[in-house]
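> What follows is a predicted structure for the sequence shown.
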Amino acid sequence: MNSKLIYLLALISLWCFGSNSLASERLATAFYYGNQLPLKSLSLYSRVIVEPDNTTDAELQYLKQKGVHVYAYISIGEVGPDRPWIKDIDPAWILGINSGWKSSVMDMSQSAWRSYLLKIMDKLWSRGYEGFFLDTLDSYLVSG
């Protein structure tokens, strides 16, 4: 991800999540889903949301040592074909396909899917994430 995009995301995050002032000690929240986290830039933020499949434990610990609260991005309504745990997905949990992302749209009414998500979250919590940013809650609207 290039630096212009990082700064654009930083400005968007300031607008969305606010900050007491632009001169505050730390900026509010940053989102970074790519590989090789820009650790020095991200350490300027109070909170960072990262893609846990793209984040090493060393990167996570670095940010935490800098006082950053690190949250894991989790898509609960869809599972992309590149997820390492895609093989664990029961076809009964799938409502359809999001053709835009070529991802499986999950049936969140399935208790087994919810239990599986909780196992993933438990592993991420054990790794040191302090919370979760849940996405794709409305994906069931595009299944078909």
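Done, it's in.
> low pLDDT regions in this protein?
The chain contains residues with pLDDT under 70 at 1-25, 143-144.
> now the lengthiest helix in it, how far from the chain's geometric center?
Using DSSP state H, we find that the single longest helix of the chain is helix 111-127. Here helix 111-127 is found 14 Å from its chain centre; the criterion is CA atoms, centre = their mean, to the nearest Å.
> Quick one: list the elements packing against that helix.
Secondary-structure packing of helix 111-127 (3 or more CB pairs under 8 Å, 6 or more residues apart in numbering; DSSP states H and E): strand 69-75. The way it works is simple: take the backbone N, C-alpha and C, and place the C-beta from them, glycine included.
> Using CSV, write out every CA atom in the strand it packs on.
Extracted C-alpha coordinates of strand 69-75, given in CSV (Å, rounded to 0.1, in the frame of the first residue of the first chain):
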residue,chain,number,x,y,z
HIS,A,69,-4.6,-0.8,21.1
VAL,A,70,-4.7,-3.3,18.2
TYR,A,71,-8.0,-4.7,17.0
ALA,A,72,-8.5,-7.6,14.5
TYR,A,73,-10.6,-7.2,11.4
ILE,A,74,-13.1,-10.0,11.0
SER,A,75,-15.5,-10.5,8.1
